[in-house]
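Asks: From the sequence below, what's the structure:
(one chain, ligands or ions: 1)
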Amino acid sequence: MALTAVIRVPSRALLRPWARLRDAALGWIEPAGGGGVEVSAQRFASQKVLVEPDPAAGVAVMKFKNPPVNSLSLELLTELVISLEKLENDKTVRGVVLTSDCPGIFSAGLDLTEMCGRNPAHYAEYWKAVQEMWLRLYLSNLVLVAAINGASPAGGCLIALTCDYRVMADNPKYCIGLNETLLGIVAPFWFKDNLVNTIGHRASERALQLGLLFPPTEALQVGMVDKVVPKDQVQSTALSVLAQWMAIPDHARQLTKNMMRKPTADRLLKQRDADIQNFVSFISRDSIQKSLQMYLEKLKQKKG
Ligand SMILES: CCC/C=C/C(=O)SCCNC(=O)CCNC(=O)[C@H](O)C(C)(C)COP(=O)([O-])OP(=O)([O-])OC[C@H]1O[C@@H](n2cnc3c(N)ncnc32)[C@H](O)[C@@H]1OP(=O)([O-])[O-]
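Replies: Now for the predicted structure:
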């Protein structure tokens, strides 16, 4: 396929800790002069994230591809952030649909194997990547629409909540919500803030304490998603919604988005290191490790 869109990648990005992983994933070359590197791409794919740009429409579809359940491994998180950054640097793209390439699963949330039986340094690295994903998506200047074509618990729900609009498939087997308490763990304050900003305080309190996973019609009622449509219409509906949002002048919409979201993001930005330390000490506790191990065992037994 011909390569057409030219994306300028700022050199500061190359200095990030995950630069090596990114370069390996995307085959980028370190620029000699540090002035940025030009990457030509019409359709680009890393291992875990597929991106299909449509320059004529000014949009792209980003598909998570980490079978079997799109768990948010360090690798997937890294590739997601890199792919988003590439799209943000591509002047031909103004809106993105986030969806899944795994049948029946949007994302199973954070990868439990990244949070179980590892060392504190790994937990810290992993949590930093989770924070980065959330901050990048939540503050993105692009219009983001989630096309939720499957189950979307915990971190999967969080990704959907960062979007400007959520379209969900009407299959009652697909559920969405922040179910952390069911695993014996606690959603961090910024997951909670994002949920409160979406469905309000009382509904969030109930949903978070009970770890509620909502089927599509209930998710619509509570405001966790904005539209429920037949499964085969999820992506096309998301693209139509994207077009509506893109009819608004970018600068006005972006400033408004930033005004609405910056105070929430700033709460995390002001205490990222402390939040990492909290996570590391919480997740390292024996009791929490036991809960997560048991939960993973339960998932495996369910299959057998
Ligand atoms: C403070 C921290 C905040 C935390 C936030 C989070 O997001 S916490 C995350 C909260 N997330 C959840 O609570 C969601 C837990 N997951 C589920 O509820 C279901 O897997 C499902 C509904 C997503 C899909 O059902 P299905 O019947 O289609 O699929 P299946 O169930 O048969 O699983 C297939 C394989 O995937 C494996 N695996 C699954 N999830 C994860 C994971 N997150 N990670 C890693 N692995 C995972 C599963 O063990 C099995 O492995 P095996 O045996 O092949 O080696």
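
Asks: and Val225, which of the three is it?
Replies: coil (DSSP: H, G, I helix; E, B strand; the rest coil).

Asks: State the pLDDT value of it.
Replies: For Val225, the model assigns a pLDDT of 99.

Asks: right, and it touches Thr217 too?
Replies: No: Val225 is beyond contact range of Thr217, at 9.7 Å (criterion: Cβ atoms under 8 Å). Where C-beta positions appear, they are placed from N, C-alpha and C, glycine not excepted.

Asks: More neighbours: which of these two?
Replies: Legend: neighbour count by other Cβ atoms under 10 Å for Val225 and Thr217, higher for Val225 (27 against 12).

Asks: Now do the same contact list for that one.
Replies: By Cβ atoms under 8 Å, 6 or more residues apart in numbering, the contact list for Val225 reads Ile148, Ala160, Arg166, Val167, Met168, Ile176, Pro216, Ala219.

Asks: Bridged to the fourth one, which residues?
Replies: Right, the one you point to is Val167. Ala147, Lys227 (DSSP bridges).

Asks: wouldn't it be in contact with Leu144 here?
Replies: No: look at Val167 against Leu144 with Cβ under 8 Å: they stay out of range, at 11.8 Å.

Asks: out of everything not next to it in sequence, what's closest to Leu112?
Replies: Nearest residue to Leu112, sequence neighbours excluded (Cβ to Cβ, 6 or more residues apart in numbering): Leu296, at 5.3 Å.

Asks: contacting residues for the one you found?
Replies: With Cβ under 8 Å, 6+ apart, Leu296 has these contacts: Leu112, Thr113, Cys116.

Asks: Roughly how far does it sit from Thr113?
Replies: 8 Å (Cβ to Cβ, to the nearest Å).

Asks: and what of Pro67?
Replies: Per Cβ to Cβ, Pro67 is found 14 Å from Thr113.

Asks: just Thr99 next, same as before
Replies: Relative to Thr113, and taking Cβ to Cβ, Thr99 is found at 24 Å.

Asks: Where does the prediction get shaky in the chain?
Replies: Applying pLDDT under 70 to the chain flags residues 1-42, 303-304.

Asks: repeat that for 50
Replies: For the chain, applying pLDDT under 50 flags the ranges 1-41.

Asks: and stretch 266-285, how far out from the chain's middle?
Replies: 19 Å (Cα atoms, centre = their mean, to the nearest Å).

Asks: ok, which stretches of the stretch 201-304 of the chain are strands?
Replies: 227-229 (DSSP state E, counting those that start in this stretch).

Asks: Would you mind listing what in it touches the ligand?
Replies: With the criterion set to Cβ under 6 Å from any ligand atom, the stretch 201-304 of the chain comes near the ligand through Leu296, Leu299, Lys300, Lys302, Lys303.

Asks: number of nearby residues for the fourth one?
Replies: Other residues near Lys302 number 7, with proximity taken as other Cβ under 10 Å.

Asks: give the contact list for it.
Replies: Per Cβ under 8 Å, 6+ apart, neighbours of Lys302: none.

Asks: From Ser100, how far off is it?
Replies: Taking Cβ to Cβ, one finds Lys302 at 20 Å from Ser100.

Asks: cool, Leu112 as well?
Replies: Distance of Leu112 to Ser100, given as Cβ to Cβ: 18 Å.

Asks: Between these two, which is the more surrounded one?
Replies: Neighbour count, other Cβ under 10 Å: between Leu112 and Ser100, Ser100 has more, with 27 against 17.
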